[in-house]
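Student: Below are the sequence and a predicted model for it; my questions follow.
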Amino acid sequence: MNNKKNNRKFRLLPGSILYFFLLIYSILLTQLLRNAISAALLLFVIVLPFISLIHCLIGRSAIMVYVSSEKQRAEKYEPVEYDIKIINTSFLAYPFVEAVISEPGTNAPRCTKRKFVLSLVSFGSYIVNNTVEFKYRGYYEIGVDSLYISDLFRFFAIRADAENYTAISVFPRKMSIVDNRRKAVTDTPSPSLIRDVTAEKNEFTDIRDYIPGDSIRDIHWKLSSKTQDLMIKQYSSAEDRHVYIFCDMARATMPPKKDDYSDEYANLKKIIDESEKDKSKKIRRSVKASQKEIEKKAELVETFLGGEVEEEEALSDKIKKKRRESKFRKNIRSGMSEKEAETIRSIDELINSVKKKKKTKLKNNTDASDADEVVEDAGVSEIESDINRILSMTALPDYDPKSSDRVYGGRVKEEELEDYDEFCLDAVVEMTVAETMTELKSGSKCTVAWYDDRDDRGLSLFDLGGASGFEELFLKLTTAEAVSNEAYVANLGALVSDSTNVTLKVVTSNLDPQSAAEIGALPSKFGGAGTGCSVEVVMFSPAEKYEDPALRAVYTSDVALEFARQGISPTVLSESRDGSGAPVFTPVSR
């Protein structure tokens, strides 16, 4: 609502209040004096808003906006200079112009809008010149959204939609891995996983474009001198390997907060309370309408209460079980958890049992028609204590933040939460690019996949037999956005059709228990190393973003050890600088 109010084409300003009093004063003065001066004053006051309106309309057409940048495509942390010029081409002055501009924030992953007031003299201009280094990949629109042009007396302001932007696409860096060795997951014979620049090569097979990190010894100097671009000689690999690289684009799963934990209990109690109200109404209907419906549920409740039900009053176990399970499944499908559905089922049975017991008790002393009425109130009142007992049995344990933090490997600092997902996803994308370049240089066939909401299938898939399709992959992958934290990257394993000589690489920053468990189950799906299949996980875990970096480091190490126990080769990568000062990835643990 506030945005709509602020974006109106016409706005009254505080000066309009003064004008109202000035108009009243002029009318009264004219009535009292009744001379030419007072009449002229009144005429001037009446005409003044129209003069101000014309002044604003001229400015709306005369004020021009120009936006430019030195480049439209840049890498992260690459300086980019841009200019925003607001020029007054009229001889009239405009001392009160409010500009709404879109600029990249200091740490924001996207541009943010801000307002400022500027003054434009006759044929004057206002220039914003800035140089920025983009911290995150993405699409940035820098420019002027709109101008609010006010008259000299600040009676009102008219909006002029500028919508003049310069678009800058920021891509992740193409970084190399300085030590990309991987250990085989078992001792059984399998393709060597040590792939450096001295890897065994067979015959010369192809020419491709240079990729940062390629060995100088592989440059085809004669062809490069003709094309003016570095070209690389490609050789056949000693092993025919197919590498699947899965990039985890899911948002991080954070440990639950106390409020979230309390909400879970509150939701459970709300469901039970609503069920209690609903059942109290159903008692009045069901007692009169269907005594059989009550008897269907008697056995489970009597067991719960420690009582017994006469054998002749119960239905067969088979029918009762079928109907109970049918209602239980229906509750699950409606969105309830198993725990909530079980609680509702118990309360449902409890209410009907209490009602049945009361009715049986009163039948001997009360007329049948009166018994129903008595049960209505008695059933509602007596269930309260039993419902509280069920609640105490199903209540959640006390919230323990330390235990929760240990399970999830710590808690991200509050000040880091806003851009934590962008920070991690940028690193994961850069590591995926680095792993892909490494595999292509070694001659492996690569398939790169990730969940992508832009695609109708919900995922993107690229098959690369060489460097020819790398740029297309790079453009698609590096512009992908985060997906739901329930899109587990391990589920992409279903895309693997090969059964021998396959390596699965999972690149992820999500090490929460559920994500780790999904990844840990991958080796069992591909027949083990006896078929030449292996699973590797490349992890990114920014401990500096956590409240307790030491706890996060220990947790990451424990996850890596668990992966190794499950037959997965783990590697944690971190960013560093090589001898020339260029950013590279280096393994910090294996």
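Tutor: Perfect, I can see it now.

Student: Buried residues, stretch 125-145. List them.
Tutor: When neighbours are counted by 16 or more other CB atoms under 10 Å, the buried residues of stretch 125-145 are found to be 126, 128, 132, 134-138, 140-145. The way it works is simple: take the backbone N, C-alpha and C, and place the C-beta from them, glycine included.

Student: do the same with stretch 51-59
Tutor: 52, 55-56, 59.

Student: just to revisit the earlier point, what is the nearest of the buried residues of stretch 125-145 to Asn485?
Tutor: Nearest to Asn485 out of these is Tyr136 (CB to CB; 19.0 Å).

Student: Give me the distance between Glu544 and Ala550.
Tutor: 11 Å (CB to CB, to the nearest Å).

Student: Likewise for Gln566?
Tutor: For Gln566 relative to Ala550 (CB to CB), the value is 25 Å.

Student: Tell me which of the two has more neighbours.
Tutor: The neighbour count for Gln566 versus Ala550, taken as other CB atoms under 10 Å, is higher for Gln566 (19 against 10).

Student: For the more buried one, give me its contacts.
Tutor: 520, 523 (CB atoms under 8 Å, 6 or more residues apart in numbering).

Student: got the buried residues of stretch 125-145 as JSON lines, with secondary structure, pLDDT and distance to Lys233 columns?
Tutor: Listed next are the buried residues of stretch 125-145 as JSON lines, based on DSSP: H, G, I helix; E, B strand; the rest coil; pLDDT from 0 to 100; distance: CB to CB, whole Å:
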{"residue": "Tyr126", "secondary structure": "strand", "pLDDT": "92", "distance to Lys233": "56"}
{"residue": "Val128", "secondary structure": "strand", "pLDDT": "90", "distance to Lys233": "49"}
{"residue": "Val132", "secondary structure": "strand", "pLDDT": "89", "distance to Lys233": "40"}
{"residue": "Phe134", "secondary structure": "coil", "pLDDT": "89", "distance to Lys233": "36"}
{"residue": "Lys135", "secondary structure": "coil", "pLDDT": "88", "distance to Lys233": "38"}
{"residue": "Tyr136", "secondary structure": "coil", "pLDDT": "89", "distance to Lys233": "37"}
{"residue": "Arg137", "secondary structure": "coil", "pLDDT": "89", "distance to Lys233": "32"}
{"residue": "Gly138", "secondary structure": "strand", "pLDDT": "86", "distance to Lys233": "36"}
{"residue": "Tyr140", "secondary structure": "strand", "pLDDT": "90", "distance to Lys233": "39"}
{"residue": "Glu141", "secondary structure": "strand", "pLDDT": "90", "distance to Lys233": "42"}
{"residue": "Ile142", "secondary structure": "strand", "pLDDT": "92", "distance to Lys233": "42"}
{"residue": "Gly143", "secondary structure": "strand", "pLDDT": "92", "distance to Lys233": "46"}
{"residue": "Val144", "secondary structure": "strand", "pLDDT": "93", "distance to Lys233": "51"}
{"residue": "Asp145", "secondary structure": "strand", "pLDDT": "92", "distance to Lys233": "52"}
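
Student: Tell me which two of these sit farthest apart.
Tutor: The widest separation within the buried residues of stretch 125-145 (CB to CB) is 31.0 Å, between Tyr126 and Arg137.

Student: which element is Asn232 on?
Tutor: Slight slip there: residue 232 is Ile, not Asn. strand 231-237 (DSSP states H and E).

Student: Mean confidence (pLDDT) on the helix or strand just after that strand, please.
Tutor: Using DSSP H and E, the helix or strand that follows strand 231-237 towards the C-terminus is strand 242-247. Mean pLDDT, computed over strand 242-247, is 91.
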